[in-house]
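[1] Structure for this input, please:
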Amino acid sequence: MPVDLSREPVDCRNLIGGALDPATWGRTREIVSPYDGRGVGRVGLSGAVEVKAAVAAAARAWPAWAGLPMRERARVLARFRELALLALDDLANTVAIESGKTPDEARAGIQRGLEVVDYALSLPSSDAGGALEVSRGVTCEYRREPLGVVAGITPFNFPAMVPLWMFPIALMVGNAFILKPSEKVPLSACRLGELMMQAGCPPGIFSIVHGDREAVEALVDHPDVRAIGFVGSSAAARNVYARAGAAGKRALCLGGAKNAVIVVPDADERLTVQSVVDSFTGCAGQRCMAVSLLIAVGDTRGIVGKIVDTAARIRLGSGMGALIDRQARDRIERAIARQRAKAPSRCSTAAASPCRKDARAARGSAPRCSTTRTPTWIARARSCSARC
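    The predicted structure follows:
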């Protein structure tokens with residue numbers, strides 16, 4: 001299914017107390033599709049005023065929601081799940097348009113998120129609490145109690161999946177949830193909010209506040225926000241965790257990741273080649289599971305050569321999506337330039353002849369080429385990403 005880029009630009013508004021309200025600060029951000037640079041929407045950037053209003057609405061609505069039996073709360077999420085499946089094509093297209101994912105990647109992310117909805121819907125049967133008679137006349141009882149108002153701060157690279165990791169379980173166990181999506185990809189969050197309203201979610205129980213750092217800090221600092229979930233860069237994760245911890249709040253903050261793959265001579269060639277290429281091209285490398293380093297041990301020239309050939313056949317728009325913005329592209333181009341400056345000979349088992357030729361001109365003798373020294377396939381793959 002190709003991406004439909006013909007839709008009209010969307011104005012993203014906050015969802016507060018069941019109503020769609022614009023930000024009051026007057027600051028806005030244009031939402032540009034990574035596919036073609038065309039404007040697909042705009043969003044107002046909120047601050048402490050909007051956060052305060054969202055928290056107040058959530059705090060008013062929360063006691064009645066927490067007082068419902070879990071099975072009654074489950075009805076809202078069950079209707080949301082049905083609506084999300086009916087709107088899957090449109091929701092996947094929205095994710096792809098604003099984040100640069102391929103349609104298949106966008107759809108897969110939503111489906112993984114809906115699996116969390118399925119898990120949340122199982123909680124009335126699987127998490128009923130319990131009691132244990134530990135001594136004569138002494139009974140130990142355990143049960144889950146909702147915290148109150150909780151918040152989720154989510155990243156650009158999974159506009160629907162990461163919010164779906166958070167709010168279904170938070171709502172199912174009786175909390176009110178405030179979502180602060182990345183200001184780079186607010187369209188998917190707005191669509192999730194529409195579906196939650198259509199599902200009959202009570203006003204104030206699910207809220208959306210758009211914004212940047214000001215909104216994040218206001219959420220973390222607000223005394224009525226009891227817990228924070230965060231997914232984003234490592235630097236931001238450390239800041240949010242420190243700020244929440246200093247206020248005595250529960251916080252789960254997930255930052256970036258670096259992954260390495262070790263390839264040995266007896267590795268399954270077909271599986272290795274496809275897995276490595278899928279890893280660093282999936283989501284244009286913009287995910288924590290992307291492999292950023294390959295370490296080739298022993299004689300693995302055949303495997304590395306096929307990785308290079310397979311990556312060279314990737315087609316942008318279908319085999320690999322686009323980088324989120326120009327800043328991401330520029331950062332990758334700088335990394336490529338640094339690599340080339342450090343290793344001008346560009347040693348590679350997949351292109352040994354040019355390597356020896358360059359080395360003879362520079363030093364008068366041929367060096368031993370090694371994929372562990374200068375992994376040309378990484379630079380080639382990043383070059384491909386940089387053109388998105």
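
[2] For the rest of this, base every contact and every neighbour count on C-alpha atoms.
    Fine.

[3] contacting residues around the longest helix along the chain?
    Longest helix in the chain, counting residues (DSSP state H): helix 103-126. Applying CA atoms under 8 Å, 6 or more residues apart in numbering, the contact partners of helix 103-126 are 1-3, 70-71, 74, 77-78, 81, 88-89, 92-93, 95-96, 158, 160-165, 168-169, 172, 282-283.

[4] ok, now stretch 206-219?
    Contacts with stretch 206-219, where a contact means CA under 8 Å, 6+ apart, come from 13-18, 23, 43-48, 50-52, 54, 58, 151, 153, 176-183, 186, 189-190, 193, 196, 225, 240.

[5] from these, which ones fall inside helices?
    Ala48, Glu50, Val51, Lys52, Ala54, Ala58, Pro186, Ala189, Cys190, Gly193, Met196, Val240.

[6] what about Gly41, which SS state?
    Secondary structure, DSSP: H, G, I helix; E, B strand; the rest coil: Gly41 is strand.

[7] which secondary structure element contains the residue nearest the centre of the chain?
    Nearest to the geometric centre of the chain sits Phe158, at 3.0 Å (CA atoms, centre = their mean). Counting by DSSP states H and E, no helix or strand carries Phe158.

[8] again with Arg243
    Assigned by DSSP H and E, Arg243 falls within helix 234-246.

[9] Name the next helix or strand following that helix along the chain.
    By DSSP H and E, the next helix or strand past helix 234-246 is strand 250-254.

[10] Now do that following strand against helix 234-246, angle only.
    Counting by axes from the mean of the first three to the mean of the last three CA atoms, to 10 degrees, strand 250-254 lies at 170 degrees to helix 234-246.

[11] helices or strands up against strand 250-254?
    strand 225-231, helix 234-246 (3 or more CA pairs under 8 Å, 6 or more residues apart in numbering; DSSP states H and E).

[12] Any regions of the stretch 101-250 of the chain where pLDDT drops low?
    128 (pLDDT under 70).

[13] hmm, I was thinking of the stretch 251-388 of the chain
    Where the stretch 251-388 of the chain drops to pLDDT under 70, the residues are 343-388.

[14] For it, which segments count as strands?
    Ranges of strands within the stretch 251-388 of the chain are 259-263, 291-296, based on DSSP state E, counting those that start in this stretch.

[15] Go through the ones you listed and pick out the most buried.
    The highest average neighbour count among the strands of the stretch 251-388 of the chain, using mean count of other CA atoms under 10 Å, belongs to strand 291-296 at a mean of 18.

[16] on contacts alone, who are the packing partners of it?
    Strand 291-296 packs on strand 259-263, helix 269-281, going by 3+ CA pairs under 8 Å, 6+ apart.

[17] quick revisit: present the strands of the stretch 251-388 of the chain as CSV; the columns should include distance to Arg144.
    Converted to CSV, the strands of the stretch 251-388 of the chain look like this (distance: least, CA to CA, whole Å):
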stretch, distance to Arg144
strand 259-263, 36
strand 291-296, 38
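
[18] before we move on, the earlier item: I would like a PyMOL command selecting only the buried ones among the contacts of helix 103-126, please.
    In PyMOL, this line selects whichever of these come out buried by 16 or more other CA atoms under 10 Å:
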select buried, resi 3+70+74+77+78+81+88+92+93+95+96+158+160+161+162+163+164+165+168+169+172+282+283
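
[19] Which of the contacts of helix 103-126 fall in helices?
    Filtering those for helices - DSSP H - leaves 70-71, 74, 77-78, 81, 88-89, 92-93, 95-96, 161-165, 168-169, 172.

[20] Can you tell me which of the helices and strands packed on strand 250-254 is packed in deepest?
    Buried most deeply of the helices and strands packed on strand 250-254, by mean count of other CA under 10 Å, is strand 225-231, with a mean of 23.

[21] Can you name the residues in contact with that strand?
    With CA under 8 Å, 6+ apart, strand 225-231 has contacts from 55, 147-155, 162, 166, 219-220, 237, 240, 244, 249-255.

[22] Any of those buried? List them.
    Neighbour-count burial (16+ other CA under 10 Å) applied to the contacts of strand 225-231 gives 55, 147-155, 162, 166, 219-220, 237, 240, 244, 249-251, 253-254.

[23] and the gap between the closest residue to Ala53 other than its chain neighbours and Ala74?
    Spatial nearest neighbour of Ala53, excluding adjacent residues (CA to CA, 6 or more residues apart in numbering): Ile16 at 7.2 Å. Relative to Ala74, Ile16 is positioned 22 Å away (CA to CA, to the nearest Å).

[24] about what we covered before: which PyMOL command selects the buried ones in the contacts of stretch 206-219?
    PyMOL command restricting those to the buried ones, with burial defined by 16+ other CA under 10 Å:
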select buried, resi 13+14+15+16+17+18+23+43+44+45+46+47+48+50+51+52+54+58+151+153+176+177+178+179+180+181+182+183+186+189+190+193+196+225+240
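
[25] Domain-wise, how is the protein divided?
    Domain ranges of the chain: 10-125+143-254, 259-386, per automatic domain parsing.

[26] Identify, out of those, the most deeply packed stretch.
    domain 10-125+143-254 (a mean of 21).

[27] Can you get me the start-to-end distance on that domain?
    Distance between the two ends of domain 10-125+143-254: 30 Å, counting by CA to CA.

[28] Stretch 174-190 now?
    First residue to last in stretch 174-190 (CA to CA) measures 22 Å.

[29] So what's the gap between that stretch and the chain middle?
    12 Å (CA atoms, centre = their mean, to the nearest Å).

[30] Distance of the nearest residue to Arg71 once chain neighbours are set aside relative to Val263?
    Leaving aside its sequence neighbours, Arg71 sits nearest to Pro124 (CA to CA, 6+ apart; 6.0 Å). As judged by CA to CA, Pro124 and Val263 stand 45 Å apart.
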